[in-house]
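Undergrad: coords please:
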Amino acid sequence: MKNILLICGSGASSGFMAAAIRKAAKKSGIEMKVKAASESQLDDLIKDTDILLIGPHLSYMLAELEQKTLGKAIKVAVIPQSIYGALNGPKAVEMIQKMEGED
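TA: Numbers count the residues shown, from 1 in each chain. From the prediction side, this is the model:
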């Protein structure tokens, strides 16, 4: 099972997105753990993460966050605003599945 960590500024909006992803994954029969957190919690949670998703409003931090995951088998991506803003769980699950296929 993949561990997905979704981060945003305070952890609030990512909580809604994480819930939408969990719901869509369950409906599709896909097993994944999705946790939402604030960016400040990243160092504590990174060790249990397979995929790190970043809220679009934190896209300016992408390079810094990629540095934090260097040497770890963690894939990092910014969730597009079109998915995040609409809380589109199915599209986010699709994005995660594509990321899992990139090895």
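
Undergrad: Please count neighbours and contacts with C-alpha atoms only from this point.
TA: Will do.

Undergrad: neighbouring strands for the strand or helix carrying A36, and are they parallel or not?
TA: According to DSSP states H and E, A36 maps onto strand 32-38. Using DSSP bridges, the strands paired with strand 32-38 in its sheet are strand 2-8 (parallel).

Undergrad: Give me the distance from the strand it pairs with to the chain's centre.
TA: Strand 2-8 has its average C-alpha position 4 Å from the chain's average C-alpha position, going by CA atoms, centre = their mean, to the nearest Å.

Undergrad: Closest to the centroid, which residue in the protein?
TA: Ranked by distance to the mean C-alpha position of the chain (CA atoms, centre = their mean), the top residue is L53 at 2.6 Å.

Undergrad: So what touches the strand holding A36?
TA: 1-12, 14-15, 18-19, 21-22, 25 (CA atoms under 8 Å, 6 or more residues apart in numbering).

Undergrad: One more pass at 6 Å, please.
TA: Here strand 32-38 makes contact (CA atoms under 6 Å, 6 or more residues apart in numbering) with 1-11, 14-15, 18.

Undergrad: For the residues you listed, give me CSV that also has pLDDT, neighbour count and distance to E66.
TA: CSV is the format used below for the contacts of strand 32-38 (pLDDT from 0 to 100; neighbours: other CA atoms under 10 Å; distance: CA to CA, whole Å):
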residue, pLDDT, neighbour count, distance to E66
M1, 81, 8, 22
K2, 92, 15, 19
N3, 96, 16, 17
I4, 97, 23, 15
L5, 97, 24, 14
L6, 96, 27, 14
I7, 94, 28, 13
C8, 89, 21, 15
G9, 83, 15, 17
S10, 80, 14, 20
G11, 71, 18, 19
S14, 91, 24, 19
G15, 93, 19, 22
A18, 97, 26, 21
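
Undergrad: about what we covered before: wasn't the residue nearest to the centre of the chain part of a strand?
TA: Yes - L53 sits within a strand when classified using DSSP: H, G, I helix; E, B strand; the rest coil.
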